[in-house]
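> Structure of the sequence below:
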Amino acid sequence: MTATAATTTACTARTARTARTARTADVAAFTHAFLGARHELADVLTDLAVRQSAEDEIFRSVRALSGAAWELQQYAPRRLNRLATFLPSNNVLYSYVLFGIIPSLYTDEVLIRPSARTGETAAAVHEILRPHLARLAGRVELTGASQRAFTGECARSDLVVFTGQPDNAEAVGSALGPGTTLLAFGSGPNPIVLGPRADLERGCRAVLEARTYNSGQDCLAPDLVFVHRSIAREVTERLGTALAELPFGDRRDPAVAVAPLVYPDAVAGAAEFLDAHREHVLRGGRVDTATGTVEPTLVHLPWQDAFHPPELFSPVLVLMEYDRAEQVEAWLNSPVELARGMYVSVFGEPGLRGERIGTSVTCHERTTFDIEDGNQPFGGYGRQANSVRRGGRVETRPLLVSAETGRR
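Numbers count the residues shown, from 1 in each chain. This is a model prediction of the structure:
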């Protein structure tokens, strides 16, 4: 290397270090301001979430912001001109941070369209944080454009983040040009397995906390729990008692664990499911569509190969007995579950040891909420759970915006 080349390389490295230092300082300043607004943010979020979940969402957002500098150094995302984001209807603040604030560190403009169902809450979050957005490198804007109009904006973007139904992701993807990448974040059933060697106290607590997080209104909540026949009786007794003791009331009360649901379609979906499985309801089962109340409910099913639960989005806990680990493995490898595979949590089942079963990523002795990390790729390999679309080509894998932007 010549002296001139060495000098140039040293200057480039110094410039990169200076940029990283400045970016870290910007994130730290924004995080400090974010923490100062946490009580105001919590008050806004309780329009959609129980107070406990709202505070957890704020904590997860702070943790993601604190890890942003590491994330960018780890994945080295390239500079983008524009990112267009479809914000989901739940976890509004956390999604705003993951798909708006952190990407703004390497994007000139981030354009966010909230879900029509939670637009007012998203706008309130944006207003609280807007005075502090100037600390960040890129511009973050919220738009009330229709989905059709916003799709036109997406076509002029480098990257699009879509959170929602797979069919809608397909429609958005078909409208994009070959130069635009679409990251589609969907959902999956995220089953939990309680095997014959499970620590029942720990396993039942994990099931209860995951299923009733924000009254069940979260895409990470398990829609099905596989229980080994040898422990099924004790598990149903423990969970039935625990569900009966859950504090129910107003979302803004810090002591409340379960409250009336926010989304009418979730209430209707729970009512339809419980009507269809009424003979298997062990505890609860009452639904009041007028108030949005879904009573914490325990449903106990015998083994059914063809049973594939809907996304319940409510405090309805569905157990299904199994005898052999091979049954669960075959279920996860069925065509339906291969399409929507996200996570599977395994407690005390030695027959399920792999890091991945079918298209589902395995969480050993942990739930999806335990392993979720805003600075790491998220999800599984099912096409309906996670996909990357570009130029007509579709790939499936856990997704992180900076990691995909950093791919060469």
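> Helices of the stretch 51-200 of the chain, start to end?
Secondary structure of the stretch 51-200 of the chain (DSSP state H, counting those that start in this stretch): helices at 51-66, 68-75, 92-96, 119-129, 147-155, 166-174, 200-211.
> residue ranges with poor pLDDT in the stretch 1-150 of the chain?
The stretch 1-150 of the chain contains residues with pLDDT under 70 at 1-22.
> related to what we said a few turns ago, tell me which of the helices of the stretch 51-200 of the chain lies nearest to His32.
Each of the helices of the stretch 51-200 of the chain has some distance to His32 by Cβ to Cβ; the shortest is helix 51-66, at 9.8 Å. The C-beta positions use only the backbone N, C-alpha and C, and glycine is treated the same way.
> What segments of the stretch 151-300 of the chain are strands?
Using DSSP state E, counting those that start in this stretch, the strands assigned to the stretch 151-300 of the chain run over residues 159-163, 181-185, 192-194, 225-228, 281-283, 287-288, 293-294, 297-301.
> Can you give me the domain assignment for this protein?
With automatic domain parsing as the criterion, the domains of the chain are listed as 3-186+385-406, 192-371.
> re earlier: out of the strands of the stretch 151-300 of the chain, which is closest to Gly374?
Closest of those to Gly374 is strand 181-185, at 12.6 Å (criterion: Cβ to Cβ).
> Convert the C-alpha atoms of that closest one to CSV, please.
These are the backbone C-alpha positions of strand 181-185, laid out as CSV (Å, rounded to 0.1, in the frame of the first residue of the first chain):
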residue,chain,number,x,y,z
THR,A,181,-37.6,-4.4,-1.3
LEU,A,182,-40.7,-5.4,0.7
LEU,A,183,-40.2,-6.8,4.2
ALA,A,184,-43.5,-8.5,5.3
PHE,A,185,-44.0,-9.2,9.0
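> Residues in contact with it: which ones?
Contact partners of strand 181-185, identified using Cβ atoms under 8 Å, 6 or more residues apart in numbering, comprise 88, 154, 158-163, 166, 169, 172-173, 176, 378-379, 385-390, 399, 401, 404.
> returning to what we had before: please tabulate the domains of the chain in JSON lines and include mean neighbour count as additional columns.
Conversion of the domains of the chain to JSON lines gives the following (neighbours: other Cβ atoms under 10 Å):
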{"stretch": "domain 3-186+385-406", "mean neighbour count": "18"}
{"stretch": "domain 192-371", "mean neighbour count": "19"}
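> Quick check: end-to-end length of stretch 221-236?
The first and final residues of stretch 221-236 sit 18 Å from each other (Cα to Cα, to the nearest Å).
> roughly how far is that stretch from the heart of the chain?
A distance of 24 Å separates the C-alpha centroid of stretch 221-236 from that of its chain, computed with Cα atoms, centre = their mean, to the nearest Å.
> Contacts only, for the residue nearest to Ser230 when sequence neighbours are not counted.
The shortest distance from Ser230 to any residue other than its chain neighbours is 5.0 Å, reached at Pro196 (Cβ to Cβ, 6 or more residues apart in numbering). Residues in contact with Pro196 (Cβ under 8 Å, 6+ apart) are 228, 230-231, 348-349.
> just Trp331 next, same as before
With Cβ under 8 Å, 6+ apart as the criterion, the residues that contact Trp331 are 305, 337.
> any idea which helix or strand comes after the helix or strand in which it is found?
The secondary structure element spanning Trp331 is helix 325-332 (assigned by DSSP states H and E). With elements assigned by DSSP H and E, the helix or strand that comes after helix 325-332 is helix 335-340.
> what residues does that following helix touch?
The contact list for helix 335-340 (Cβ under 8 Å, 6+ apart) reads 186-189, 308, 331-332, 358-360, 382-385.
> what's the spacing between that helix and its chain's center?
With Cα atoms, centre = their mean as the basis, the distance from the averaged C-alpha position of helix 335-340 to the chain average is 18 Å.
> so how far is Trp303 from the closest residue to Pro178 other than its chain neighbours?
Beyond its immediate neighbours in the sequence, the residue positioned closest to Pro178 (Cβ to Cβ, 6+ apart) is Gly391, lying 4.0 Å away. Applying Cβ to Cβ, to the nearest Å, the value for Gly391 to Trp303 is 43 Å.
> just Thr362 next, same as before
For Thr362, the distance to Trp303 under the criterion Cβ to Cβ works out to 21 Å.
> Would you map the strands across the stretch 1-150 of the chain?
Across the stretch 1-150 of the chain, reading from the start of the chain, the strands by DSSP E, counting those that start in this stretch fall at 80-86, 107-113, 139-142.
> now for those strands, which one comes closest to Glu372?
Distances from Glu372 to each of the strands of the stretch 1-150 of the chain were compared using Cβ to Cβ; the minimum, 18.7 Å, belongs to strand 80-86.
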